[in-house]
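Enquirer: coords please:
(4 chains)
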Protein chains: 2
Amino acid sequence: MTERTARQKIVDAAGALMEKRGYHGTGLNEIIQVSQAPRGSLYYYFPAGKEELAAAAARQTGEMMVAYLERDLERHADIVDGLMTFFTGLADHVVSNNCQAGAPLAVIALETAGESDRLREACRHAYQSVQAVLERKLLGNGYTPDRSRDLALLISAAIEGAVILARVEQAADPIRRIAAQLGALLLATPHCRIE
Amino acid sequence: MTERTARQKIVDAAGALMEKRGYHGTGLNEIIQVSQAPRGSLYYYFPAGKEELAAAAARQTGEMMVAYLERDLERHADIVDGLMTFFTGLADHVVSNNCQAGAPLAVIALETAGESDRLREACRHAYQSVQAVLERKLLGNGYTPDRSRDLALLISAAIEGAVILARVEQAADPIRRIAAQLGALLLATPHCRIE
DNA sequence: GTCTATACGGTGATAGAC
DNA sequence: GTCTATCACCGTATAGAC
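Expert: Next up is the predicted model:
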């Protein structure tokens, strides 16, 4: 119990801070301070240090992303409706953090993919999971296997790109416009939809 | 002359290094070492230090991105053909850097948009320029004004997302698949195309 | 499990000679 | 314009007591 919450608080703080300032921009001291977890616990739970902690944070945020996506997609039979709900939630997340959050995986991936296989693999797995959820739902909506796979890839890329543009513009507008455009394209594309 | 090349070498090195390791992950010493520019020149040309240098690097890479995009789009009458050429060049750039480069704006934007207005503005301007080029070409290809604007936004987001996924997968495959999917969607969407 | 103290390198930045 | 020396600070990581 006490073990789990201390570790958990550290992972939560690391994830939140790195989502805003990135991997190299986030200090271990800052993580401890924000988490209000015991200072001595960090290297107890993460013997390999910052890299291991960041991997755990990336894994967790990936799982949360998948959970949100699954929840929104299950809620609607039509994948376009589900996607729009997801994008709305994403926009809320970004604005409620003063447009300084979103794309927690992208920052870590871009900063560290070249240096740390461990972190690259954690991000890769998270993106694969997101794409798997999308692909499954697209298949269920009557898209062909090939198209489901590639559309899932495009959507996951658009999600990350949308957040980047939103943070740069300091507004949720790009996310909303990209969501709408994606929805229109999904409906217009030939996809063997079951009507 | 000597003035220009020294400054230029520093900006080039800063841009290349930050493209791989990000803003906080790139040290000033490393920039000087790689650039082989005089150590004393850094704060002479960039009195405001690292932030000013990074802004110059972001501006330059943005201009290069616009230049490549314009070149490829002008080369083909059909925007889809031009875009495919651009994505091919992007994939080449990524693989020729061992999948550790690409998306130079995205890293800086995600790391620093919350802390530095100067850097956020530099990235914002670059993205706006890219979108402007795309929008103009879409208009010329018969897409409506609204759709041209939003498609340009989606495409710019997909470019960044594609590079992120390619770097995580250490392969150009995601870029190629996203390009193909984007091309198919551009052709399928209702757009008042002049046939 | 957690704490404190500390080692040690690297960081961005500045001053003053040339 | 450029160099060198030096600054104060912060980073991660470790050691050893409790």
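Enquirer: What is the end-to-end distance of stretch A:139-153?
Expert: Using C-alpha to C-alpha, to the nearest Å, the end-to-end distance of stretch A:139-153 comes to 14 Å.
Enquirer: Against A:C99, how distant is A:L105?
Expert: Distance of A:L105 to A:C99, given as C-beta to C-beta, to the nearest Å: 18 Å. (C-beta placed from N, C-alpha, C; glycine too.)
Enquirer: Which of these two has more residues huddled nearby?
Expert: A:L105 (27 against 19; other C-beta atoms under 10 Å in any protein chain shown).
Enquirer: quick one, phi psi at the more buried one?
Expert: Listed backbone geometry of A:L105 is phi -80, psi -40, with angles given as degrees, to the nearest 10.
Enquirer: And for A:H76?
Expert: phi -120, psi 140.
Enquirer: List the contacts of it.
Expert: By C-beta atoms under 8 Å, 6 or more residues apart in numbering or on different chains, the residues touching A:H76 are A:82, A:85.
Enquirer: And for A:K20?
Expert: Applying C-beta under 8 Å, 6+ apart, the residues near A:K20 are A:97, A:100-101, B:114.
Enquirer: so where does it fall, helix or strand?
Expert: Assigned by DSSP states H and E, A:K20 belongs to helix A:2-21.
Enquirer: Report the buried residues of whichever helix or strand comes after that helix.
Expert: Using DSSP H and E, the helix or strand that directly follows helix A:2-21 along the chain is helix A:28-35. Across helix A:28-35, burial judged by 16 or more other C-beta atoms under 10 Å in any protein chain shown covers A:28, A:31-32, A:34-35.
Enquirer: Closest one to DNA strand D out of these, please.
Expert: The closest of the buried residues of helix A:28-35 to DNA strand D turns out to be A:L28 (C-beta to the nearest atom of the strand; 3.3 Å).
Enquirer: Look up how far A:Q131 lies from that closest one.
Expert: 32 Å.
Enquirer: Can you show me the CA trace of the least confident helix or strand in chain A by mean pLDDT as PDB?
Expert: Of all helical and strand segments in chain A, the minimum by mean pLDDT, DSSP states H and E falls on helix A:2-21, at a mean of 93. What follows is helix A:2-21, C-alpha atoms only, in PDB (Å, rounded to 0.1, in the frame of the first residue of the first chain):
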ATOM      1  CA  THR A   2       2.400   2.600   1.200                       C
ATOM      2  CA  GLU A   3       4.800   1.000  -1.300                       C
ATOM      3  CA  ARG A   4       2.400   1.400  -4.200                       C
ATOM      4  CA  THR A   5       1.300   5.000  -3.500                       C
ATOM      5  CA  ALA A   6       4.800   6.300  -3.100                       C
ATOM      6  CA  ARG A   7       5.900   4.800  -6.400                       C
ATOM      7  CA  GLN A   8       2.700   5.900  -8.000                       C
ATOM      8  CA  LYS A   9       3.000   9.500  -6.900                       C
ATOM      9  CA  ILE A  10       6.500   9.600  -8.400                       C
ATOM     10  CA  VAL A  11       5.300   8.200 -11.800                       C
ATOM     11  CA  ASP A  12       2.400  10.500 -11.900                       C
ATOM     12  CA  ALA A  13       4.600  13.600 -11.200                       C
ATOM     13  CA  ALA A  14       7.200  12.500 -13.700                       C
ATOM     14  CA  GLY A  15       4.500  11.900 -16.400                       C
ATOM     15  CA  ALA A  16       2.900  15.300 -15.800                       C
ATOM     16  CA  LEU A  17       6.100  17.200 -15.800                       C
ATOM     17  CA  MET A  18       7.600  15.500 -18.800                       C
ATOM     18  CA  GLU A  19       4.400  16.100 -20.700                       C
ATOM     19  CA  LYS A  20       5.000  19.800 -20.300                       C
ATOM     20  CA  ARG A  21       8.800  20.300 -20.400                       C
END
